[in-house]
Every structure is written in structure tokens, then in C-alpha cells.
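*Asks:* fold the following, please.
(chains A and B)
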Amino acid sequence: MTPNDAAHQATGEPAHAADTPSFWSFVPIGDYQVPGLPASGAIADAWASFRRLLRKVDQSSLQPARDEAKLRALSEVRLEHLAPPIDPTEPADALDAALYDWLETKSPEWPVRFVVGQPHAHPDLLHVWALRHGAAIIEPPTSEQILDGDLDWLDQWPVDGGPHRFWVLPQLAHCFLRDTDGLKLVRTLLARAEAGELGRGIIGCDSWAWAYLMHLWPVPHPGALTAQAFDGARLTRLLTHQIKRRPHRRVRFRNASTGRDILAVPSEDNELHPEIVRLASHCRGNPGTALTYWRRSLRTEPDEDMVETTEEPLTGEAFDEEDVWVSAGIDEPLLPSEADEDVALVLHALLIHDGLPAALLPRLLPLTHDGCLAILLRLQRARLVACRDGRCRVTVIGYASVRSLLAGRDYLTDGF
Amino acid sequence: MNDTLPRTQIFREIDVITAIEIAAILVVAIALIMGMQRMLNWLGQRLYGQRRLTLLALVPLLRLLIGISAVILIVPLVIEPSLQNMVAVLGTVGIALGFALKDYASSLIAGVVAIGEKPYRNGDWVRIGEHYGEVIHVGMRTVELVTADDDRIAIPHNRLWNEAIVNSNDGKPRLQCIADFYLHPEHDAARVQSMLKDVALTSPYLHLDSPVTVIVNERPWGTHYRLKAYPVDSAQQFRFVSDLTVRGKALIRRQGMRFAATAAIPDSGGSTLA
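*Replies:* Residues are numbered from 1 along each chain as shown, chains lettered A, B, ... in the order given. Below you'll find the predicted structure:
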């Protein structure tokens, strides 16, 4: 990538629309623009929220909504072709572009740069970026180190002069705990890193942890970057870009209830379809959650998977068409509006720490061990929380509901 | 003939149809008031923060509007609508109420004033006299509070006239909470101040966008710290103060600081300055 391309992408302008996916761009946090809805969509959403408010939900069950019955979900193989997960090299290219000046300058104004991302927006981005630049990846401290305020963890830092030019701390959210003993390490880390004592590096941070840390460490960070929101136009380009189709095959994504086209690839149609605008707005520009919702909404006729590869290759401009149905409703787990306060506390703690080991929850919250476990189990059954690799996190499909619940109750939310 | 003249000039003849009309207006007004109160209270329980308080504050206002509308509809059915008639009837009613039901009328009028001046609204946390609690109902004659001990207290509105009403949140979702800590005077006060700020920052109930302050006062028996912060929702105030106290106490103990357990009693015995 040339500096020219980099400059284009840093300003959010398309550089090489043909070969570089320009829908990714990193901008200062203050420039993030949450996608809005046209008036009709906003009214429909408000009406849906009002109906949800009136609906009596059995609090004890927290059951998810029902799937559509007539159509079947796509097989994993087809999903991998039609909507594979985001390739982290693409946002890494955009991050390179946004950091171009900083990377090229020997004594930059800021020794560290912060990359703030919404939950599930671009996992593994900083690992890929670190590998690309030969940067040292800093593993987060253990919870014991955090609670002991063990500053030896900082002494092992690869400062300038070592084999690595940069270092990358992919997840700042895992370097603190919201406990009176759990803040010392992260404060020292931020103070030393921003003073340049740790050399040059990139610190990745979840947007919720960032919102909290800005109260602990209230220093302005004009250089902190985030991926610009995926509004309807960007999301359309992302979904189009994700499809791996065979030549001479047009894939048509059609609304399952109306039959109208939502997206066709390839297509000369540049129209923004309301379904995608609504999806972008619902996900507040988060590409990771939007792609997951998209994957979950794709449907097929019961016997369609079986006849997928039988056509002869066509020539010229003729296209063989493949229809994929898109479920009209968004299948997401809903929290009842009466969800009690303890549930909100647990969810908020999970988001602020980008997931937590279940055993730490009673230490951080004024709840008993059994109470925390019971709430976690309820949330897991409701598909709002999933526990993997020793950490319980809010799920991709539960994130929008959880954010909406916490925002509605005035808890601290991320700035996105 | 002469005896009936004033009555016919002021009051209309009330036939069966008029009586049914009046009854219908009363029934509809009462049904509207009850339905509105139930619906808004039910909705209010499902909302949080400012939206909840705004909705609940509408209840007494709407009830007053429905009541006034009912009176406006009923009065012309009973009285010939002229200025003299109105003054005569309302004046008579006013004098009767003033003498016979002075306190009741005073509370009713204070209830109307309360709707206008808003010294308390549904959802506010108020102290009236020795009672502190959440306003759950602003009625025609009384305001009802639920205290932290789950007691329901009805207080006549007429206490507005001559008593201070302390409103802790004044229609806003947040109110300031204070956790007190009493330490032995031998310690680093600046460090304790900083520690107590962290205590607030780590409480999950804290509204992070509101200020956190620590006030320090030196007393004869030790040092008094007042940790002031705001919970996310006013209903969390008691849990919030408890959480601050538990966290603060644990941290202070871990740091090896001593609490001011007993007040130092000045020696009043035989020692003299001389």
C-alpha cells in the first residue's frame, strides 16, 4: 500500500475500490457516526419496542423468540460461501493506512496509539496487525497479578532496543478489574505507556472498557482510533464483498415475507435496501454483529441444499441464479423489561471487562456466589451469555438487547 | 311563588335525563381517572430513569384535568350559567367548606398547588417531617410515601403551607448518597480520600457521569469522611450506600488503618492547666 492510498483511506475516501475493500476505515473516536434510520423505520422500531414493553414475558424462563418454521437455516458450508466471517486482514489494511504517519515517524507525538473496538466488531485484528509488523504481542496479566497490583508484569515489557520495533497489547479490558484492588496496575500501565516509558505500541481496548477507563484515567485521547460505523452503504458493500460465488452465478438475497430483492451479487443496482439500512442501524454500525445477524437470517427451501452444484457452467453474460431467502424478523434473544437489577449488574460487569471468569463475579458485585451462578445460567439458557475459555461474555446475538437494556436503565454504555 | 323564584333563577330543574347525564359524567370521569392511574403506574414500573419519573408525574396533572373537565360539564347542567349564579353558588360552597371542612379543603387546595409548584412528584424521594420515602401517589388530599422499611405513609398536602419539604432528587432519576467513614486521626488523609474515590468508582451502582467527592472533617474523636456519589437510579440508594460502606470498610482494614471506634471523652477529673 502506498502512502497515497493510505492518505485516502485515513480520510475515509475510497482508494482502490476494485482491489482494496474501502468499506473499512479507522477514524478518531469522536468521528464515529452511529447509523440512523429513516423516519418510517424509526417509527416501526419504536412501535416494536412499545409492543415488547406491553408484552408479558415469563421472567423465569427468558426464552428466546421462535425461528421461522417453513424455511430451513443454511448449512455451514453454504454459509461459509455466502457470508463467511470477516477476514481480519481487511481491517488491518485500513488500520495500516490510518497509522501510516505514526508508523513512519521515528519520534511521534504519541508513543502509544489506542484502537477501540465494539464487542465482536473485529476480533483478532490486532493479532494480525502485530504479526504483519513483527510486533511483540503482550499477554494480559492474570487476575491474581491484577488484584495484587503486581508491577513486575510491566517490567517484562519489550521496550525500544529489543528485537521488536513495536508492541501490541490487544485487550486492555483484561488488564483491570472493577475492584478497589484491581485498578492500580492499569493506571500504572497507562501512565507509563503514555509517558513513553514502555516504547512504542498499540493498545487495543473494548469500547465498554474504554468508557469505564476514561473515568479512571481522564486524559484526552484525540489519537484513539475506531473503525467507522458500517451504515447501510458500507454494510451492503461488506456483505457483497463477503460472498464467494462461482463465475456466472448470481446470488439473490430475497425477503422471505415479501419476496423482494434485498441484495443481488453481481448487480448493477446501487439502491440501498431498507432491510440492510435497518440492520446497520439495529447493530449501531458494528460489522461483526451485523454479519452474524445476516448469517442467522439466511434461509433456504427444504430441498435446496441438495441441488446446489448440478448446473453446467454458463458462458457470456448469462447468469445462473441462486435464491437465498432472508428471514424478515431478526432472531435475537430478548430480555424481558422486568429483568431484575442483579441481571443488569452482571451483564454490565461482563461488558466492562470484555468477559469475566464466573468465579470473579462475586468479588466484583454485591451478589453471592450462588446468586451469580444462577444468573449466569439463566443468561446462558437465554443465549445472552456464553462461557468459553474460562470467560463468560455477552453473545453476539444478545449484544444489541443487552446494550439496549443497560442504556434504558442509565448504566454507563460505550460511546458507540 | 316568591319562595321558588330564587331557586329557579340559580338552579335548573333536574329531571331524570339530567340526573342520568350527571351520573354518566361522574362515572366516566372516575373510570378515566382510575384507568389512567392504573395504566400509567403499570407503564411506569416498566420504565427506568427520567422516562419513568416524567410519566409518573403526569398522573396527578391528568387527574386534575379530568376532574376539572367533569366539573365544567356538570355545573351548567345544575346551575343557570351566569356570573351572578356562579359567584353565589361557589361563594356559598366555599364558606360552607371553609367552616365545616377547613382542613379537608385546605388539603385539597394544597393538592392543587402541589401539582403546580411540584414540591414532590411521583417517583421523588422526599422528607416530610420525620418521614423519608419514595412518593408513590399524589392524591387529591394526601401524598403517599413508601419508606425504606416498606411502610406506607399518607401525609396531607396541607403540610405544604407551614413545613419544609426536602426533595432529594426533584424529578430527576439520580440523587446524592453519602457514605460515612470515621477513622482514627493518625493516618494519611490524602491517601484515604483517594482510596474512597476508588471505592465509589468500583461500585457497580455508581452513575459514572456524576461527580464523586470526598469531604473530610476533623473531629475531636477522629476524622470524619463523607463519600458523596450518585447511584444509577434513585431506588438503588440504600444498596448503593451499603455497597460503598462494605467496600470502603474492607479497603480501609486491608490498608491497616484504624477506625474511630469510640468517642474520646474529655477528662473532667482533677487535672488542671496550671
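*Asks:* let me know the average pLDDT across stretch A:370-388.
*Replies:* With pLDDT averaged residue by residue, stretch A:370-388 scores 93.
*Asks:* does that stretch reach chain B?
*Replies:* No. Using Cβ under 8 Å from any Cβ of the partner chain, stretch A:370-388 never reaches chain B; the gap is at least 12.0 Å. To be clear about C-beta, it is placed using only N, CA and C from the backbone, and glycine gets the same treatment.
*Asks:* so where is the stretch 1-150 of chain B shaky, pLDDT-wise?
*Replies:* Judged against pLDDT under 70, the low-scoring parts of the stretch 1-150 of chain B cover residues B:1-9.
*Asks:* chain A contacts on that one?
*Replies:* Selection of the stretch 1-150 of chain B residues close to chain A by Cβ under 8 Å from any Cβ yields B:43, B:46, B:47, B:48, B:49.
*Asks:* among those residues, who's most crowded?
*Replies:* When these are compared by neighbour count (other Cβ atoms under 10 Å in any protein chain shown), residue B:48 ends up highest, at 22 neighbours.
*Asks:* report the contact partners of the closest residue to that residue other than its chain neighbours.
*Replies:* Distances taken as Cβ to Cβ, 6 or more residues apart in numbering or on different chains put residue A:409 closest to residue B:48, at 4.4 Å, once the chain neighbours are dropped. Shown in contact with residue A:409 (Cβ atoms under 8 Å, 6 or more residues apart in numbering or on different chains): A:344, B:48, B:49, B:232, B:233.
*Asks:* just checking, what packs against the one helix or strand residue B:239 maps to?
*Replies:* Element membership of residue B:239, judged by DSSP states H and E, is helix B:237-254. Under the contact criterion of 3 or more Cβ pairs under 8 Å, 6 or more residues apart in numbering or on different chains; DSSP states H and E, helix B:237-254 touches strand B:177-183, helix B:189-201, strand B:222-229.
*Asks:* briefly note if the last one comes near chain A.
*Replies:* No. For strand B:222-229 and chain A, the contact criterion (Cβ under 8 Å from any Cβ) is not met; the two come no nearer than 11.8 Å.
*Asks:* measure how that strand sits relative to helix B:189-201, angle-wise.
*Replies:* On the basis of axes from the mean of the first three to the mean of the last three Cα atoms, to 10 degrees, strand B:222-229 is oriented at 30 degrees to helix B:189-201.
*Asks:* what residues of whichever strand or helix holds residue B:135 count as buried?
*Replies:* If you go by DSSP H and E, residue B:135 is part of strand B:131-138. In terms of neighbour count (16 or more other Cβ atoms under 10 Å in any protein chain shown), strand B:131-138 has its buried residues at B:133, B:134, B:135, B:137, B:138.
*Asks:* could I get those residues in CSV, plus columns for distance to residue A:263?
*Replies:* Shown next, in CSV, are the buried residues of strand B:131-138 (distance: Cβ to Cβ, whole Å):
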residue, distance to residue A:263
B:133, 57
B:134, 52
B:135, 53
B:137, 54
B:138, 54
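*Asks:* out of those, which comes closest to chain A?
*Replies:* residue B:134 (15.3 Å; Cβ to the nearest Cβ).
*Asks:* wait, that closest one sits on residue B:146?
*Replies:* Yes. Using Cβ atoms under 8 Å as the test, residue B:134 is close enough to residue B:146 to be in contact (5.4 Å).
*Asks:* returning to what we had before: got the helices and strands packed on helix B:237-254 as TSV, with mean neighbour count and mean pLDDT columns?
*Replies:* Below are the helices and strands packed on helix B:237-254 laid out as TSV (neighbours: other Cβ atoms under 10 Å in any protein chain shown; pLDDT from 0 to 100):
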stretch	mean neighbour count	mean pLDDT
strand B:177-183	19	96
helix B:189-201	18	96
strand B:222-229	20	96
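*Asks:* could you export these as JSON lines, including distance to residue A:206?
*Replies:* Output for the helices and strands packed on helix B:237-254, formatted as JSON lines (distance: least, Cβ to Cβ, whole Å):
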{"stretch": "strand B:177-183", "distance to residue A:206": "29"}
{"stretch": "helix B:189-201", "distance to residue A:206": "18"}
{"stretch": "strand B:222-229", "distance to residue A:206": "25"}
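*Asks:* can you name the two of the contacts of residue A:409 that are farthest apart?
*Replies:* A:344 and B:49 (12.3 Å; Cβ to Cβ).
*Asks:* where does chain A have low pLDDT?
*Replies:* A:1-21, A:38-42, A:44-45, A:48-70, A:159-164, A:245-247, A:303-319, A:336-339.
*Asks:* mind running it again at 80?
*Replies:* For chain A, applying pLDDT under 80 flags the ranges A:1-22, A:37-73, A:107, A:158-165, A:244-249, A:256-259, A:265-271, A:301-322, A:328-331, A:334-339.
*Asks:* so which bits of it are right by chain B?
*Replies:* Contact residues (Cβ under 8 Å from any Cβ) of chain A with chain B: A:53, A:178-183, A:212, A:215-216, A:337-338, A:341, A:345, A:348-349, A:364-366, A:408-412.
*Asks:* buried members of those into PyMOL, please.
*Replies:* Entered in PyMOL, the line below selects the buried ones among the residues of chain A next to chain B, by 16+ other Cβ under 10 Å:
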select buried, chain A and resi 178+179+180+181+182+183+212+216+337+341+345+348+349+364+365+366+408+409+410+411+412
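*Asks:* list the contacts of the helix holding residue B:239.
*Replies:* Contacts for helix B:237-254 (Cβ under 8 Å, 6+ apart): A:180-181, A:366, B:125, B:148, B:175, B:177-179, B:181, B:183, B:192, B:195-196, B:198-200, B:202-206, B:227, B:229, B:231, B:259.
*Asks:* next: stretch A:143-157.
*Replies:* Residues contacting stretch A:143-157 (Cβ under 8 Å, 6+ apart): A:138, A:141, A:167, A:175-177, A:179, A:181-182, A:184-186, A:188-189, A:192, A:198-199, A:357, A:360.
*Asks:* next, the buried residues of it.
*Replies:* Result for stretch A:143-157 [16+ other Cβ under 10 Å]: buried residues A:143, A:146, A:147, A:148, A:149, A:153, A:154, A:157.
*Asks:* same deal with stretch B:47-62?
*Replies:* Residues of stretch B:47-62 classed as buried: B:47, B:48, B:49, B:52, B:53, B:54, B:55, B:56, B:57, B:59, B:60 (neighbour count, 16+ other Cβ under 10 Å).
*Asks:* same check on stretch A:355-368?
*Replies:* A:355, A:356, A:358, A:360, A:361, A:363, A:364, A:365, A:366, A:367.
*Asks:* how about the buried residues of stretch B:47-62 in a markdown table, adding secondary structure?
*Replies:* Formatted as a markdown table, those follow (DSSP: H, G, I helix; E, B strand; the rest coil):
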| residue | secondary structure |
| --- | --- |
| B:47 | coil |
| B:48 | coil |
| B:49 | helix |
| B:52 | helix |
| B:53 | helix |
| B:54 | helix |
| B:55 | helix |
| B:56 | helix |
| B:57 | helix |
| B:59 | helix |
| B:60 | helix |
